[in-house]
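Enquirer: for reference, the sequence and a predicted model appear below.
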Amino acid sequence: MLDAGAASSAEAWAEEEFGHADLGDKRRTRRLTRMAAQAALFPSGKVSEV
């Protein structure tokens, strides 16, 4: 089971790192931050596997 604190920390990190990316649409930036948070929570060997 996923710890709520870990999820919150990963989301905060992703927002800090990628939240200001100018990808032409706010939805893209939001998707990037969600993907980065998930990758931080569930890392694996290859980006395509995350």
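Expert: Thanks, I have it. Numbers count the residues shown, from 1 in each chain.

Enquirer: now the helices for the chain?
Expert: Assigned by DSSP state H, the chain shows helices spanning 4-18, 26-41.

Enquirer: in a markdown table: those helices, plus distance to residue 47 and mean pLDDT.
Expert: (C-beta placed from N, C-alpha, C; glycine too.) Putting the helices of the chain into a markdown table (distance: least, Cβ to Cβ, whole Å; pLDDT from 0 to 100) gives the following:
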| stretch | distance to residue 47 | mean pLDDT |
| --- | --- | --- |
| helix 4-18 | 14 | 92 |
| helix 26-41 | 7 | 94 |
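
Enquirer: tabulate the ones you listed in TSV, adding columns for mean neighbour count.
Expert: Converted to TSV, these look like this (neighbours: other Cβ atoms under 10 Å):
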stretch	mean neighbour count
helix 4-18	14
helix 26-41	15
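
Enquirer: contacts only, for residue 4.
Expert: If you count contacts by Cβ atoms under 8 Å, 6 or more residues apart in numbering, residue 4 has none.

Enquirer: in a markdown table, list the helices of the chain along with distance to residue 48.
Expert: Below are those laid out as a markdown table (distance: least, Cβ to Cβ, whole Å):
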| stretch | distance to residue 48 |
| --- | --- |
| helix 4-18 | 19 |
| helix 26-41 | 11 |
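
Enquirer: for residue 35, see how far away residue 29 is.
Expert: Computed as Cβ to Cβ, to the nearest Å, the residue 29 to residue 35 distance reads 11 Å.

Enquirer: list the residues that contact residue 28.
Expert: Contacts of residue 28 (Cβ under 8 Å, 6+ apart): residue 21.

Enquirer: fine by me, we can end here.
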